[in-house]
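# after the sequence you'll find the predicted model.
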Amino acid sequence: MNTTASAAGRLPVSIPEYLEQLRTALAGADKAMIQDALYDAEEYLRAELAEQAGKSEAEVIASVAGSYGAPEEVAEIYRETEVTVNRALRPPAPPKRRSALGRFFGVAADPRTYGALFYMLLSLATGIFYFTWVVTGASLSAGLLILIIGIPLLMLFLASVRLLSLVEGRIVEVLLGERMPRRPLYTQRGKGWLERIKEMFTDGRTWTAMLYMLLMMPLGTAYFTAVVSLLSVSLSLIAAPVVLMLGHAGAINLDGVTITPESPWLWPLCIVGGIVLLFATLHLARAVGMFHGWLAKHLLVRSAVV
């Protein structure tokens with residue numbers, strides 16, 4: 001197929017060709033945005049094909065070219081819309097700081113830090129749920145395949161994995177700021193069970209999404225443990241001198257170091273250490289957010305190359 005033919009003015013003559021030209025025109029764009037654009041285009045074209053019964057795909061594409069647009073026109077609209085939406089949704093950028101101290105403490109002014117921090121706390125619950133769902137669903141589906149109920153159960157399980165990956169993508173985009181798909185993969189209506197199962201089995205994203213959900217269990221446990229432990233220690237260090245000053249404790253032991261009212265020289269070091277650890281935790285959360293956004297993008301989004 002000549003994927004550059006539409007650039008010369010020739011409209012595609014089939015829906016797969018239209019989608020291939022649209023994918024080519026969107027080359028280099030965010031692959032989550034490409035997935036959304038392909039979903040919208042295929043849904044619209046197939047709806048028009050069903051409405052204009054009796055017409056060929058080429059005739060339908062020609063009839064909607066003026067209203068929906070040629071692949072290059074649609075690609076340009078999506079690129080422009082993506083820029084506009086990103087500008088509208090992007091949180092205010094924190095002021096740039098040149099000094100090392102400014103960059104270290106400036107992480108507190110970045111809204112994405114707190115989104116990542118909340119995601120680390122939430123990931124324990126979501127990780128347990130995803131892991132349990134995948135293990136239970138895969139076990140039941142495989143065990144019941146010998147019965148007639150096994151096929152529809154397998155279809156439901158694979159469809160639920162796609163749905164959960166879309167939900168997780170929305171959580172990742174909102175909390176971590178990574179662009180994720182806002183629409184599911186298109187599934188043409190009217191296909192039989194076996195054809196639908198074949199599509200799901202041959203779609204690599206089905207298996208990478210399941211891998212992601214299995215990984216969320218250890219990752220979520222690690223994220224939650226790290227953030228709770230570090231926040232607890234840092235806030236305890238900051239609060240310890242205040243507690244001693246108010247007389248609510250006779251002595252405080254922190255990892256073998258005993259702080260008492262008779263050792264006030266340790267109080268400033270305790271507070272400074274707690275503040276440094278608190279901001280180091282915020283930096284860690286920010287780094288985890290970037291890493292996890294990258295991981296989700298690679299495992300939950302279909303590659304733009306087919």
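It's in.
# quick check: which ranges of the stretch 201-306 of the chain have low pLDDT?
Applying pLDDT under 70 to the stretch 201-306 of the chain picks out residues 244-267, 303-306.
# which residues in it form strands?
The residue ranges that make up the strands of the stretch 201-306 of the chain, judged by DSSP state E, counting those that start in this stretch, are 252-254, 257-259.
# quick one, domains of the protein?
Structural domains assigned to the chain are 5-89, 99-306, following automatic domain parsing.
# what average pLDDT does the first one get?
Spelled out, that is domain 5-89. Model confidence over domain 5-89 averages 82 on the pLDDT scale.
# next up, the contacts around residue 225.
Residues in contact with residue 225, defined by C-beta atoms under 8 Å, 6 or more residues apart in numbering, are absent; none qualify. C-beta coordinates here come from the backbone N, C-alpha and C atoms, glycine included.
# please, which helix or strand holds residue 154?
Assessed by DSSP states H and E, residue 154 sits inside helix 150-176.
# that helix packs against which elements?
Helices and strands in packing contact with helix 150-176 are listed as helix 111-143, helix 193-202, helix 204-245, helix 266-300; criterion 3 or more C-beta pairs under 8 Å, 6 or more residues apart in numbering; DSSP states H and E.
# and that helix with helix 204-245, angle?
For the pair helix 150-176 and helix 204-245, the angle between their directions (axes from the mean of the first three to the mean of the last three C-alpha atoms, to 10 degrees) equals 40 degrees.
# quick one: average confidence on helix 150-176?
Mean pLDDT, computed over helix 150-176, is 90.
# still on that earlier bit, turn the helices and strands packed on helix 150-176 into a markdown table, including distance to residue 39.
Formatted as a markdown table, the entries for the helices and strands packed on helix 150-176 read as follows, by distance: least, C-beta to C-beta, whole Å:
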| stretch | distance to residue 39 |
| --- | --- |
| helix 111-143 | 23 |
| helix 193-202 | 14 |
| helix 204-245 | 13 |
| helix 266-300 | 15 |
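# residue 81: which of the ones you listed is closest?
Evaluated with C-beta to C-beta, the helices and strands packed on helix 150-176 place helix 266-300 nearest to residue 81, the distance being 19.8 Å.
# ok, which stretches of the stretch 1-150 of the chain are helices?
Listed in chain order, the helices of the stretch 1-150 of the chain (DSSP state H, counting those that start in this stretch) span residues 15-25, 31-51, 57-64, 71-89, 100-105, 111-143, 150-176.
# need the winner for burial among those helices.
Across those, averaging neighbours per residue (mean count of other C-beta atoms under 10 Å) puts helix 15-25 on top, at a mean of 21.
# counting contacts, what elements does that one pack onto?
Judged by 3+ C-beta pairs under 8 Å, 6+ apart, helix 15-25 is in contact with helix 31-51, helix 57-64, helix 71-89.
# who's in contact with residue 56?
For residue 56, no residue meets the contact criterion (C-beta under 8 Å, 6+ apart).
# residue 300 contacts residue 207, correct?
No: between residue 300 and residue 207 there is no contact under C-beta atoms under 8 Å: 11.6 Å.
# and these two? Which one has more around it.
residue 300 (24 against 15; other C-beta atoms under 10 Å).
# contacts only, for the more buried one.
In this structure, residue 300 makes contact with 165, 168-169, 172, 180-181, 205, 208-209, 212, judged by C-beta under 8 Å, 6+ apart.
# look up how far residue 167 lies from it.
With distances taken as C-beta to C-beta, to the nearest Å, residue 300 is found 10 Å from residue 167.
# who's in contact with the residue nearest to residue 208 when sequence neighbours are not counted?
Residue nearest to residue 208 in three dimensions, not counting chain neighbours: residue 299, with 4.4 Å by C-beta to C-beta, 6 or more residues apart in numbering. Shown here is residue 299, whose contacts under the criterion C-beta under 8 Å, 6+ apart are 208-209, 211-212.
# switch the cut-off to 10 Å
With C-beta atoms under 10 Å, 6 or more residues apart in numbering as the criterion, the residues that contact residue 299 are 165, 168, 205, 207-213, 215.
# good, we can wrap up now.
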